[in-house]
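sequence first, predicted coordinates after that:
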Amino acid sequence: MLLSRARDRMRRRAGQAVESTAVALDGRLPLFDGLKGLVRKVFPDHWSFLLGELALYSFVVLLLTGVYLTFFFQPSMAETVYHGAYAPLDGVRVSAAYSSTLAISFDVRGGLLIRQIHHWAALLFTSSIGAHLLRIFFTGAFRRPREANWLIGLTLFQLALLEGFAGYSLPDDLLSGTGLRTAEGFVLSVPLVGSYLSLFLWGGEFPGDAIVPRLYSVHVLLLPGALLALITAHLILVFYLGHTQWAHPGRNNRNVVGKPLWPAFTVQTGALFAMVCGVLALGAAVAQINPVWLYGPYRPDQASTDAQPDWYMGFIEGALRLMPGAETSLWGHTVSWNPLIPAVLFPLLFFVALYAYPFMEQWVTADRGERHLCDRPRDRPTRTGIGVAGFVFYVVLLVAGGQDVVALTLDVPVEALNRLLRVLVFVGPLVAFWLAKRLALALQAHERELLTKGEETGFVREAIEGGFGQDHEPLPRERRYTLMVRDVSAPLPVPGPGATRRERLRHRLSVWFHRDRVDLPSGAEIAAREASGNGEADRTGAGRR
């Protein structure tokens, strides 16, 4: 009894202390006023919205594991003789960066596990950002008022690519050194200023002794700071503008339906974070990645065989391998078109097109209203075709980035594979655009049939005259609502006789963007169908013998 009373007194005192502390903080900081609105923030409950959270949590894992690795890594290219636990390299002259990487892998307790978690998290980070951007593109979530978040997301993706490249270049092994040699070729291909840029970045002739310390500063300070700032800005805009959501009864452009931040969404997202950590740890424990001890230290007179960059840099490697070598001499200067076009100009134009797309679509469609409901990809067949064509173009370049390994695996001549990929890089996106658009229109036609005829029940009736037909029943209200919500504007009107070329071009693009679609039945048509034969057999003579 006395013990119970003492425990109750301690609980009351603890509660009073917490309350008084909260009151004191609230009187000095606008803490709880801001939290009131924050905890009531609603998040849609759909798996596709978790892609951004995957990127966020993999970035958190990257920060935590990266801080641990900085305790043991030495960002120096000074030569030393290796005498560590890895016997095959004992007595070999290596750089301090490579030696410390081997020490982390074999001498630091748990070091190899943390290294591999860090590398797998980097791949998950870039992959989830890419998947998140694809989701935003195909659902039209980049439209007003979220254009700024689209630009931030693309910038995050590019910074993630640079961060990954800087990170796997730090160990100074033969594979990463080959990548740096390739990057030097990119820089040297820039006309007029390429040699000066190379001297500035490498601190002298390649490889020099400054590139690893400089990449280390960029990798652990500059790029993480920029990524953290952009992620914060992205989250602030998400909270301020609200989430997009899929069409459903009760959801519109003026509300968000889902789970509140506390406690439902917090528990769900906390579980996702735990799953990300667990899967990364399991993958690092059972799946080897970047075994630098097998590659050996970097030497400028050697090159790594079967050298393949991580997937997010593979499309540039593929563009390099597919473009034939060509150069032009002008006024005493030699312009090397490969790698200038595939490694410098192509990525620049590719990302400029992605940055400009939301504004180009807005100009073509004249759609300047706020949009908070997600488009279904089938409802925007032209945009879907463009996205699928771009994805196929990227995949072909990614395969080309490892054409030597693909040719060896499939036992085909690498020259023949190169010729095939050079054709596919142009023809593949066009075919993909056509197929994706046709598939979207076919799905629209199928949905129109469902709305007008209803859903097949599986029962077959025989008519008096001998024909057979299926029974149909009206779609459920929720599904019918989802199919009927299609916010697609009409093409722009034909410009008058005095229209400018710009206006005529805009009209042609608008017609091209909106021309192919299957119009949905009106509410009157659906009501007439239900009134004439709700649940009756569709006696059209189909299947008549």
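Here it is on my side, so go on.

helices of the stretch 401-545 of the chain, start to end?
Remark: helices assigned in the stretch 401-545 of the chain by DSSP state H, counting those that start in this stretch are 403-410, 414-453, 477-484, 501-514, 523-533.

now those in CSV, with mean pLDDT, mean neighbour count and distance to residue 387?
Every C-beta, even on glycine, is put in place using the N, C-alpha and C of the backbone. Putting these into CSV (pLDDT from 0 to 100; neighbours: other Cβ atoms under 10 Å; distance: least, Cβ to Cβ, whole Å) gives the following:
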stretch, mean pLDDT, mean neighbour count, distance to residue 387
helix 403-410, 89, 14, 25
helix 414-453, 93, 16, 8
helix 477-484, 83, 15, 21
helix 501-514, 91, 15, 13
helix 523-533, 64, 12, 31
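
could these go into TSV alongside distance to residue 224?
Output for those, formatted as TSV (distance: least, Cβ to Cβ, whole Å):
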stretch	distance to residue 224
helix 403-410	32
helix 414-453	35
helix 477-484	42
helix 501-514	40
helix 523-533	54
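
residue 62 - that's part of a helix, no?
Yes: Residue 62 forms part of a helix when assessed by DSSP: H, G, I helix; E, B strand; the rest coil.

what's the nearest residue to residue 76 if we skip its chain neighbours?
Counting by Cβ to Cβ, 6 or more residues apart in numbering, the nearest residue to residue 76 once its immediate chain neighbours are dropped is residue 96, at 4.0 Å.

who are the neighbours in contact with that neighbour?
Contacts for residue 96 were tallied using Cβ atoms under 8 Å, 6 or more residues apart in numbering; they are 74, 76-80.

how close does it get to residue 149?
Spatial separation of residue 96 from residue 149 under the definition Cβ to Cβ, to the nearest Å is 42 Å.

what's the closest of the helices of the stretch 401-545 of the chain to residue 10?
Of all the helices of the stretch 401-545 of the chain, it is helix 477-484 that lies closest to residue 10, at 52.4 Å by Cβ to Cβ.

follow-up on the earlier one: list only buried entries from the contacts of residue 96.
Of all the contacts of residue 96 considered here, the ones buried according to neighbour count by 16 or more other Cβ atoms under 10 Å are 74, 76-77, 80.

next step: those residues restricted to strands.
The strands in this structure, assigned by DSSP state E, contain residue 80 from the buried ones among the contacts of residue 96.

can you put the buried ones among the contacts of residue 96 in TSV and add pLDDT?
Supplementary listing: those in TSV, determined by pLDDT from 0 to 100:
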residue	pLDDT
74	95
76	94
77	93
80	93
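
go through the buried ones among the contacts of residue 96 and name the one nearest residue 276.
residue 74 (29.8 Å).

so the closest one touches residue 102, yeah?
No: using Cβ atoms under 8 Å, residue 74 makes no contact with residue 102, being 11.2 Å away.

okay, which residue is most central for the protein?
The geometric centre of the chain, computed from its C-alpha atoms, lies nearest to residue 130 (Cα atoms, centre = their mean), at 1.1 Å.

how near is that residue to residue 51?
Residue 130 sits 9 Å away from residue 51, going by Cβ to Cβ.

which element is the residue nearest to the centre of the chain on?
When secondary structure is defined using DSSP states H and E, the element that contains residue 130 is helix 111-139.

could you pull out the strands for the chain?
In the chain, the segments counted as strands under DSSP E are 42-43, 79-81, 93-95, 259-260, 327-330, 333-336, 455-462, 468-473.
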